[in-house]
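Participant: The sequence and its predicted three-dimensional model are supplied below.
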Protein chains: 2
Amino acid sequence: MSIARSSFYSMLKVPEHQVAGHLAIDGKLGPLVDDSGRFYKPLQGDGRGNKELAFYESFSSDTRVPDHIRKYFPVCYGSQLLEASNGSGLLHHLVLQDIVSSHRNPSIMDVKIGSRTWYPEASDNYIQKCLEKDRRTTTVSLGFRIAGLQLYEGKESGYWRPGRKEVQSFTVYNVRSILRRFVSSNSSIGNENSDCSFAPSVYGGSAGILEQLLELKAWFEDQTIYHFHSCSLLILFDKESISKGSTPVPEIKLIDFAHVVEGKGVIDHNFLGGLCSLIKFVSEVLSDSKESSIKDCVEPEKPGICTDNGNCQ
Amino acid sequence: MSIARSSFYSMLKVPEHQVAGHLAIDGKLGPLVDDSGRFYKPLQGDGRGNKELAFYESFSSDTRVPDHIRKYFPVCYGSQLLEASNGSGLLHHLVLQDIVSSHRNPSIMDVKIGSRTWYPEASDNYIQKCLEKDRRTTTVSLGFRIAGLQLYEGKESGYWRPGRKEVQSFTVYNVRSILRRFVSSNSSIGNENSDCSFAPSVYGGSAGILEQLLELKAWFEDQTIYHFHSCSLLILFDKESISKGSTPVPEIKLIDFAHVVEGKGVIDHNFLGGLCSLIKFVSEVLSDSKESSIKDCVEPEKPGICTDNGNCQ
């Protein structure tokens, strides 16, 4: 661990594309990024920060984790003492790969996976607090909840980034709708009639989101090393790349490991169940978009808009 | 629905192989069986009985359920007014296929699937009651709990059938041990050194328990019709058949549908997660037993007993 020099501080800034968690604005404590693709996350004082650091240390050196799975986790470069964003002085920060830095105009979804965010060993108080929120959101019903998102809508309109309260009130209907809107070219016109036209290139294909989720699922059916409580799956891609004809680089990454506990020989059935539920939702958007494009071919008089059977609203 | 004649009553008896739930003994209300392979389950008065009947009616007529999945559910023959086993007079009973009747000396395990037994729409009181029991048993940690079992140990010793209190206190260690003992020829000598010698013919093979669980899993990854809360998976086979050289008829069946609710387009991630966890446990017993039999071949001086690497204790 090294103490950063003051010239270094000036290069740090508030992440432009953070969609959930504490933001380093208005004198508050939050993560910072630099221009070289690193993300500095303050170690939370209640032990959670140290737990997350311990997870990264254990994970980095665990040879049981295959390489094709390791790519779904941010690279960790250890920890570093930095001036905290709230001006409280030097604070330990976790130094991570800035996942978003390789994307130009990223559309991002932060999906907290699992039908419970608490772990068996937690205190009664903690469990009740989590349970209350899990029941209030889609966590219990869907096995996951959207914890934050931004949709790139184009040069003119920029990003759609719903506020924390709006995100926390998402229903099952909203989630289904957002997963469609996320891959639609006409997302800016509202929730109805999303055309899902980017679904094949973002969710589909051999390098698409669905294939990545299935690869992760296969690992979760087998791995008994870790249980990932209250962990998020980031889904991101570049919408602008598609309009320019290049690849949208669809990507998934797991983040937030302050509540990871040892698996002790048992699979993480809570994470796996939620992941399978998300996979089903993503598959449905994809198969609906395929159906609707077949329909478009058969009925060329109704191009581009999903209709009753296309079910793409 | 018909009212049974009195000559019919005399044919009804208490099921010999019921391993969980209310028993029709000592003047208590419980299910009855006849000699023709039918199982009569009293409709519970608090609405649960009617909910279970409604489930069977919906399920029987639902054409979305494929035939290869239907075989994992007992056949339902409707309901019938019968003299209740507690002498309280005529009571509606659900008339079901007596799953056990086709087995001679069945070893049976009743596994309640899911890491929660409550459903989102339930009352706070009900949820707290279930949650407390889910945390006290292996439900939360494993995604399933053993709710009852009997192991056939042979003509002399008969069945090992642990009491309700013992079953409710099973730990993760006990569950792992019982899944091994369940398929061992030397189960009567205690929990240690189970030889798992029946694992290949009961858990393994194209008609074995593992293949059946995987077939059920594939359906649960896709079906969004029902959510099966607090539902049990029966695992059963005939140990005596193996010693006689014939097939042990390993079988799984889902039972207890008083808390099934509509899936509303979402997969049953709670059931699926628990099922995957059980699958992992069963796979491990099977692969350990294969390893140990390879070891036996290599080291013929230690036949039939699992050793350190066989890990079959």
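Facilitator: Right, received. Where do you want to start?
Participant: For residue A:69, grab the count of nearby residues.
Facilitator: For residue A:69, the neighbour count with other CB atoms under 10 Å in any protein chain shown is 16. C-betas here are computed from N, CA, C, even on glycine.
Participant: where does the one residue sitting closest to the centre of chain A land in three-state SS?
Facilitator: By CA atoms, centre = their mean, chain A has its centre lying nearest to residue A:234, at 1.7 Å. Using DSSP: H, G, I helix; E, B strand; the rest coil, the structure places residue A:234 in strand.
Participant: which residues touch it?
Facilitator: A:99, A:108, A:109, A:110, A:111, A:251, A:252, A:253, A:254, A:255 (CB atoms under 8 Å, 6 or more residues apart in numbering or on different chains).
Participant: need the residues of chain A near chain B, please.
Facilitator: A:115-116, A:120, A:131, A:135, A:140-143, A:172, A:176, A:221-222, A:224, A:264-267, A:269-270, A:272-274, A:276-277, A:279-280 (CB under 8 Å from any CB of the partner chain).
Participant: hmm, back to that, with the contacts of residue A:234 in mind, which one is nearest to residue A:23?
Facilitator: Set against residue A:23, the nearest of the contacts of residue A:234 by CB to CB is residue A:110 (13.0 Å).
Participant: for the closest one, helix, strand, or coil?
Facilitator: Quick answer, by three-state DSSP: residue A:110 is strand.
Participant: if I look at it, how far off is residue B:255?
Facilitator: 40 Å (CB to CB, to the nearest Å).
Participant: who has more neighbours, the two?
Facilitator: residue A:110 (22 against 18).
Participant: Which residues does the more buried one form beta bridges with?
Facilitator: residue A:148, residue A:234 (DSSP bridges).
Participant: my guess is it meets residue A:252, correct?
Facilitator: No - in this structure residue A:110 lies outside contact range of residue A:252 using CB atoms under 8 Å: 11.2 Å.
Participant: what sits in contact with each of these two?
Facilitator: With CB under 8 Å, 6+ apart as the test, residue A:110 and residue A:252 both reach A:233, A:234.
Participant: still on that earlier bit, show the buried residues in the residues of chain A next to chain B.
Facilitator: With burial judged by 16 or more other CB atoms under 10 Å in any protein chain shown, the buried subset of the residues of chain A next to chain B is A:115-116, A:120, A:131, A:140-143, A:176, A:221, A:224, A:266-267, A:269-270, A:272-274, A:276-277, A:279-280.
Participant: Restricted to helices, list those.
Facilitator: A:131, A:140-142, A:176, A:269-270, A:272-274, A:276-277, A:279-280 (DSSP state H).
Participant: those helices in the stretch 1-150 of chain A, which residues are they?
Facilitator: With helices called from DSSP state H, counting those that start in this stretch, the stretch 1-150 of chain A shows them at A:6-9, A:48-61, A:67-70, A:124-136, A:139-142.
Participant: got the contact list for the last one?
Facilitator: When you say that, I think you mean helix A:139-142. With CB under 8 Å, 6+ apart as the criterion, helix A:139-142 contacts A:112, A:114-117, A:133-134, A:145, A:172, A:175, A:274, A:277-278, A:281, B:120, B:266, B:269.
Participant: which of the helices of the stretch 1-150 of chain A sits most buried?
Facilitator: Ranked by mean neighbour count, the helices of the stretch 1-150 of chain A are led by helix A:139-142 with a mean of 23 (mean count of other CB atoms under 10 Å in any protein chain shown).
Participant: what does the average pLDDT come to for it?
Facilitator: The average pLDDT for helix A:139-142 rounds to 98.
Participant: next one: stretch A:176-187
Facilitator: pLDDT averaged over stretch A:176-187 gives 91.
Participant: try stretch A:221-239
Facilitator: 97.
Participant: Over to stretch A:95-103?
Facilitator: 92.
Participant: Show me what counts as buried in that stretch.
Facilitator: A:95, A:96, A:97, A:98, A:99, A:100, A:101, A:103.
Participant: how long is that stretch end to end?
Facilitator: Using CA to CA, to the nearest Å, one end of stretch A:95-103 lies 19 Å from the other.
Participant: now the strands for the stretch 51-200 of chain A?
Facilitator: Remark: strands assigned in the stretch 51-200 of chain A by DSSP state E, counting those that start in this stretch are A:76-83, A:90-97, A:106-113, A:144-152, A:159-160.
Participant: Export the ones you listed as a markdown table, with columns for distance to residue B:160.
Facilitator: Formatted as a markdown table, the strands of the stretch 51-200 of chain A follow (distance: least, CB to CB, whole Å):
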| stretch | distance to residue B:160 |
| --- | --- |
| strand A:76-83 | 50 |
| strand A:90-97 | 52 |
| strand A:106-113 | 40 |
| strand A:144-152 | 41 |
| strand A:159-160 | 62 |
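Participant: how about the ones you listed, which one is nearest residue A:243?
Facilitator: Nearest to residue A:243, of those and by CB to CB, is strand A:144-152 at 10.4 Å.
Participant: Can you name the residues in contact with that closest one?
Facilitator: So strand A:144-152 is contacted by A:17, A:19-21, A:105-115, A:137-139, A:158-162, A:164, A:167, A:170, A:175, A:178, A:181-182, A:187, A:232-233, A:238-240, A:274-275, A:277-278 (CB under 8 Å, 6+ apart).
Participant: quick one: that strand to strand A:106-113, angle?
Facilitator: Orientation of strand A:144-152 against strand A:106-113 (axes from the mean of the first three to the mean of the last three CA atoms, to 10 degrees) gives an angle of 170 degrees.
Participant: now strand A:144-152, how far from the centre of its chain.
Facilitator: Its chain's C-alpha centre and that of strand A:144-152 lie 7 Å apart, by CA atoms, centre = their mean, to the nearest Å.
Participant: Equivalent analysis for stretch A:271-281, please.
Facilitator: Using CA atoms, centre = their mean, the offset of stretch A:271-281 from its chain centre is 14 Å.
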